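*Asks:* Quick one, fold the following:
(one chain, ligands or ions: 1)
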Amino acid sequence: MVSRIRIALDGPAGSGKSTVAKGVAQKLNYIYIDTGAMYRAVTLKALENHIPVDDPEKLTRMVQDTEIDLSYERKGDQSVLHVFLDGRDVSEAIRGLEVTANVSPVAAVAGVRQALVAMQRKMAEKGGVVMDGRDIGTVVLPQAELKVFLTASVAERGRRRWLELREKNIEVDLAEIIEQIEKRDYYDSHREVDPLRRAEDAVLVDTTDMTKEEVIDYIVKLALERGARIETGCSDT
Ligand code: CDP
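*Replies:* The predicted structure follows:
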């Protein structure tokens, strides 16, 4: 049994994937790969270059000439993710409302997905990874040793996203956030290429009434059952 397993974490917007993935990676001393950040970086580039988000050919050409790197900075016992787009740190810029509003159509383009999925598979080659997204268990890492599908009620997911934005001093209307999440869920689940769906062998976890610590501990327990060992010593997270 391999000890540096691959953990695929999928689910809709605001289900807690990134917080949980980060926490699980930290406990296991694994690398966390945020694939949503990669789709966001491509979307930012399109917006900056005035490439229409409904032009698949232009977006596909653009992505073929794009470099995305994820790197991790140790801050105390935390590791902070930095996203680089063609060498520039865009970690903050990709979380903006305009990127969020445009990312789903960009992520629906087959050529964009093909390029990013290839990069993601390469990043996971050595194992010891927690990767989160929409199609990780179904398309990117169908052989992952552990697959989890996180959900939560739409009201709870909206509330979490709203709190997150408020912490960053961004004032937004809760009803508007819920509407945007519903729209993104619909788009992500109904696109033709690699839609958001639960892999048959994914463990379903409804996080509506769970704290993030409870979810993290549960997934770490599942990972240990599937052969993961808590790594000590250095890693590149
Ligand atoms: O964190 P949040 O739920 O807001 O979304 P994200 O993980 O940052 O992903 C942003 C968008 O990228 C999603 O709404 C999807 O449209 C797209 N995405 C995707 O299509 N496939 C992935 N593996 C990850 C994200």
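*Asks:* Which residues are in contact with V103?
*Replies:* Contacts of V103 were listed using CB atoms under 8 Å, 6 or more residues apart in numbering, and they are G36, Y39, R40, T43, R184. Backbone N, C-alpha and C define where each C-beta goes, glycine included.
*Asks:* try Q26
*Replies:* By CB under 8 Å, 6+ apart, the contact list for Q26 reads Y32, D77, Q78, S79, T237.
*Asks:* Show me which of those is closest to the ligand.
*Replies:* Closest to the ligand out of the contacts of Q26 is Y32 (12.2 Å), distances taken as CB to the nearest ligand atom.
*Asks:* Check the nearest residue to the closest one once chain neighbours are set aside and give its pLDDT.
*Replies:* Of all residues not flanking Y32 in the chain, A25 sits nearest, at 3.8 Å (CB to CB, 6 or more residues apart in numbering). If you check A25, the pLDDT there is 94.
*Asks:* For the contacts of V103, point out the one with the lowest pLDDT.
*Replies:* For the contacts of V103, the weakest pLDDT value sits at R184, with 91.
*Asks:* Pretty sure that one sits in a helix.
*Replies:* Yes: under DSSP: H, G, I helix; E, B strand; the rest coil, R184 falls within a helix.
*Asks:* can you list the weak-confidence ranges in the protein?
*Replies:* By pLDDT under 70, the low-scoring segments of the chain are 1, 231-237.
*Asks:* where along it do the helices fall?
*Replies:* For the chain, helices defined by DSSP state H occupy the ranges 17-28, 35-48, 56-64, 97-107, 110-123, 154-167, 174-190, 212-225.
*Asks:* thinking again about what came up before, among the contacts of V103, name the buried ones.
*Replies:* G36, Y39, R40, T43, R184 (16 or more other CB atoms under 10 Å).
*Asks:* What distance do you get for the fourth one to the ligand?
*Replies:* Put plainly, it is T43. 8 Å (CB to the nearest ligand atom, to the nearest Å).
*Asks:* Check the burial of R6 by counting its neighbours.
*Replies:* Applying other CB atoms under 10 Å, we find 26 other residues in the vicinity of R6.
*Asks:* right, I mislabeled it, should have said V117
*Replies:* 20.
*Asks:* That one and V139 touch, don't they?
*Replies:* Yes: assessed by CB atoms under 8 Å, V117 is found in contact with V139 at 6.4 Å.
*Asks:* Quick check: neighbours shared by the two?
*Replies:* D194.
*Asks:* out of the contacts of V103, who's nearest the ligand?
*Replies:* The ligand lies nearest to G36 out of the contacts of V103, by CB to the nearest ligand atom, at 2.2 Å.
*Asks:* Give me the spatial nearest neighbour of that closest one, chain neighbours excluded.
*Replies:* Distances taken as CB to CB, 6+ apart place G133 nearest to G36, at 6.0 Å, with adjacent residues excluded.
*Asks:* Briefly note if stretch 52-71 comes near the ligand.
*Replies:* No: on the criterion CB under 6 Å from any ligand atom, stretch 52-71 is out of touch with the ligand, staying 11.3 Å away.
*Asks:* Alpha carbons of that stretch, in CSV - could you do that?
*Replies:* Extracted C-alpha coordinates of stretch 52-71, given in CSV (Å, rounded to 0.1, in the frame of the first residue of the first chain):
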residue,chain,number,x,y,z
PRO,A,52,-14.2,37.5,-24.3
VAL,A,53,-15.1,34.7,-21.9
ASP,A,54,-17.4,33.2,-24.5
ASP,A,55,-14.7,32.8,-27.2
PRO,A,56,-13.3,29.2,-26.8
GLU,A,57,-10.8,29.5,-29.6
LYS,A,58,-9.1,32.6,-28.2
LEU,A,59,-9.2,31.2,-24.7
THR,A,60,-7.6,27.9,-25.8
ARG,A,61,-4.9,29.7,-27.6
MET,A,62,-4.2,32.0,-24.6
VAL,A,63,-4.0,29.1,-22.1
GLN,A,64,-1.5,27.3,-24.3
ASP,A,65,0.8,30.3,-23.8
THR,A,66,0.3,30.6,-20.0
GLU,A,67,2.4,29.5,-17.1
ILE,A,68,0.8,28.8,-13.7
ASP,A,69,2.8,28.0,-10.6
LEU,A,70,1.7,27.3,-7.1
SER,A,71,4.2,27.8,-4.4
